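Visitor: task: produce atomic coordinates for the following.
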Amino acid sequence: MPRTIDPPPVVVPPAPAAPPRRTARHQANAIRAEALVASFTAQRPSAAERAAAGKALREKVPLASHAAFERTPRVDPLRILRAQARTRLPDLVPVRHARMLQSPFAFLRGSAAIMAADLSRTPTTRLNVQACGDMHVGNFGLYATAERQLVFSINDFDETRPGPWEWDVKRLAASAYVAAEHLLASRKQREAAVRAVVSSYRKWMRRYAAMGHLEVWYDTIDSERLLAALTPDLRERAVRVLDKARRRTNLQVLDKMTDLIDNSHRIIEQAPFIVRQEFTQAGRSVHDALGHFLADYLESLRPGRRMLLSRYQLIDTARKVVGVGSVGTRCWVLLLQGEDGGDPLFLQVKEAQPSVLAAHYPIANANTPTEEGERVVIGQQLIQGSPDIFLGWGELDGIHYYVRQLRDMKGGIEIEPGATRPSAFIEYCALCGWALALAHAKSGDPAAISGYLGKTEAFDDALLTFSSAYARQNERDFDAMWRAARAGRIEVADAMP
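Guide: Below you'll find the predicted structure:
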């Protein structure tokens, strides 16, 4: 029989797939992607054009207008302090008041909220930067980068937030005047300190306006540049400060803050400034609270940092009082140990409350952090560029915190009579102006700001007038707080550390 051959199978092509449904989320992503492409491909104005736009702002906001300080109408400063006290640990509020009453300069350091309210009534170009929010001469110092290089920069970020560059410069200039008075400087020296801040800021901003974006971002005031900027007399002292900062390692903190008990290090208590507690204010056990907080904090770290931290064992915890303006906010110190007792790690867990700028300069956009700790961390990353490797944030029982290493290769000058000469302080003020200009150049538009400031000393003159006037207002507020303390209208702690 002839062999039959089966016909080839009939291949039925599959029906074309139905196009995916365009959900609202897909549509939103498509719109966002298109907007991003448009923003990255759009023509950028040149530095010269931005400088010209900044210069044009002088018509609306003359440089001389920054000299003005209106004494009235004004919110009662004690009312502002009482409002802040309501969100702080009640047993520590009297300590805060006592620290602020040590001197008019100490009062200024603790009165960022008061000055933010005052600054909200002063002229502004609305050229925004990542503002420090609590900019004064005591909030600068040395810190170690991730590469263990010492640099000079702003070192306090609790109040950081997008805001007007002028507010930071005005608070810094006024603090230079008040601090110079605290150092018993002559009027000529007080004025020189203010001019050192403002002229240094203005001149460095002009330099940054001529640099590329990456060049500005990578710029730091390292130890070599720091020393080169000083006179020979002050350079010798700066070398000692640098050497001291290099010795302030975790091992040095271990020796200073702990005792060896039963072959294990324990944080030394110094009530009410350093105390060991079993329960949080919310009634949660510290052990349970730390577990929940650490789980949240670790999520904020990069995977590599998370792995590194996981190698350490938690040894001890204590509540700690810090700063002047920050007293009363919740702050914890964690002692961790690596291979042995010679491998310590100290972490500071500090409460982050809303910035004092928020009530006076509202800014809301899609990139605004929802957690206050995240706000502090992002601000520090924008301003410092190379911050602490363990910098992160977390939340517990509705309270926001940020985390950083404690005293890791940090240092600075002591702004006290006898410790710092007025002549040396003036040089230090120039460094502060430089560091603030760098911070603002990283996060703002240096060309526009520089174009507005110009090459003359008109802005310097205006801020000298403002600083002198605000120093007198600060003194009146300080005296008013003293009268309230003597009358028993505010509570003040008897003992100070």
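Visitor: what pairs with Gly392 across the strands?
Guide: Here Gly392 shows beta-bridge partners Val403, assigned using DSSP bridges.
Visitor: now do the strands in the chain.
Guide: Ranges of strands in the chain, per DSSP state E, are 128-131, 140-144, 150-154, 161-164, 258-261, 264-267, 274-275, 313-320, 331-337, 344-351, 392-396, 399-405.
Visitor: could you find the closest non-adjacent residue to the residue positioned nearest the centre of the chain?
Guide: The centroid of the chain falls nearest to Phe157 when counting by CA atoms, centre = their mean (1.5 Å). Nearest in space to Phe157, with sequence neighbours left out and distances taken as CB to CB, 6 or more residues apart in numbering, is Gln380 at 4.5 Å. Where C-beta positions appear, they are placed from N, C-alpha and C, glycine not excepted.
Visitor: and the one you found, how many neighbours does it have?
Guide: Gln380: 23 surrounding residues under other CB atoms under 10 Å.
Visitor: hmm, it is touching Pro387, no?
Guide: Yes. Taking contacts as CB atoms under 8 Å, Gln380 lies within contact range of Pro387: 5.0 Å.
Visitor: ranges for the helices of the stretch 151-300 of the chain?
Guide: Remark: helices assigned in the stretch 151-300 of the chain by DSSP state H, counting those that start in this stretch are 165-182, 187-209, 213-218, 223-228, 232-247, 250-257, 286-299.
Visitor: lowest average pLDDT across the ones you listed?
Guide: Lowest mean pLDDT within those: helix 250-257, a mean of 77.
Visitor: run through the residues that contact Arg148.
Guide: Counting by CB atoms under 8 Å, 6 or more residues apart in numbering, Arg148 touches Met409.
Visitor: ok, now how distant is it from Asp408?
Guide: Per CB to CB, to the nearest Å, Arg148 is found 10 Å from Asp408.
Visitor: repeat for Pro104
Guide: Applying CB to CB to Pro104 and Asp408 gives a distance of 32 Å.
Visitor: next one: Arg404 from Trp217, what distance?
Guide: Separation of Arg404 from Trp217 (CB to CB) stands at 21 Å.
Visitor: more neighbours, those two?
Guide: Arg404 (21 against 15).
Visitor: verify the contact between the more buried one and Asp388 for me.
Guide: Yes. Arg404 is within contact range of Asp388, at 4.7 Å (criterion: CB under 8 Å).
Visitor: shaky segments in this structure?
Guide: 1-22, 262, 364-366, 386, 495-497 (pLDDT under 70).
Visitor: mind splitting it into its structural domains?
Guide: 47-248+413-486, 250-405 (automatic domain parsing).
Visitor: deepest-packed of the ones you listed, please.
Guide: By mean neighbour count, with neighbours taken as mean count of other CB atoms under 10 Å, domain 47-248+413-486 ranks first of those at a mean of 19.
Visitor: check the offset of it from the chain's centre.
Guide: 12 Å (CA atoms, centre = their mean, to the nearest Å).
Visitor: start the count at 28, not 1, going forward
Guide: New numbering, starting at 28: the last item is domain 74-275+440-513.
Visitor: can you give me the end-to-end distance of that domain?
Guide: Length of domain 74-275+440-513, first residue to last, CA to CA, to the nearest Å: 56 Å.
Visitor: returning to that earlier point: could you redo the helices of the stretch 178-327 of the chain as a markdown table and give each row distance to Gly350?
Guide: Formatted as a markdown table, the helices of the stretch 178-327 of the chain follow (distance: least, CB to CB, whole Å):
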| stretch | distance to Gly350 |
| --- | --- |
| helix 192-209 | 15 |
| helix 214-236 | 22 |
| helix 240-245 | 29 |
| helix 250-255 | 24 |
| helix 259-274 | 19 |
| helix 277-284 | 17 |
| helix 313-326 | 21 |
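Visitor: nearest to Ser66, out of the domains of the chain?
Guide: Evaluated over those, closeness to Ser66 peaks at domain 277-432, with 13.2 Å, by CB to CB.
Visitor: and that closest one, how far out from the chain's middle?
Guide: The answer for domain 277-432 is 15 Å, by CA atoms, centre = their mean.
Visitor: residue contacts, Arg275?
Guide: Arg434, Asp435, Met436, Lys437, Gly438.
Visitor: same check on Lys197?
Guide: Counting by CB under 8 Å, 6+ apart, Lys197 makes contact with His93, Leu146, Thr149, Leu490, Phe493, Ser494, Tyr497.
Visitor: for Asp103, same thing?
Guide: Residues near Asp103 by CB under 8 Å, 6+ apart: none.
Visitor: measure it to Ala507 for me?
Guide: 8 Å.
Visitor: try Tyr497
Guide: Distance from Tyr497 to Ala507, by CB to CB: 15 Å.
Visitor: test my guess that Pro121 contacts Ala520.
Guide: Yes. Look at Pro121 against Ala520 with CB under 8 Å: they come within range, at 4.0 Å.
Visitor: overlap in contacts, those two.
Guide: Joint contacts of Pro121 and Ala520 (CB under 8 Å, 6+ apart) do not exist.
Visitor: now the longest helix that the chain contains against helix 192-209, angle please.
Guide: As assigned by DSSP state H, the longest helix anywhere in the chain is helix 485-513. Angle, helix 485-513 to helix 192-209, by axes from the mean of the first three to the mean of the last three CA atoms, to 10 degrees: 60 degrees.
Visitor: hmm, His387 is touching Ala144, no?
Guide: Yes. Using CB under 8 Å, His387 is in contact with Ala144, at 6.4 Å.
Visitor: using TSV, lay out the contacts of Arg275 together with distance to Gln308 and neighbour count.
Guide: Supplementary listing: the contacts of Arg275 in TSV, determined by distance: CB to CB, whole Å; neighbours: other CB atoms under 10 Å:
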residue	distance to Gln308	neighbour count
Arg434	25	17
Asp435	28	22
Met436	32	21
Lys437	28	16
Gly438	33	21
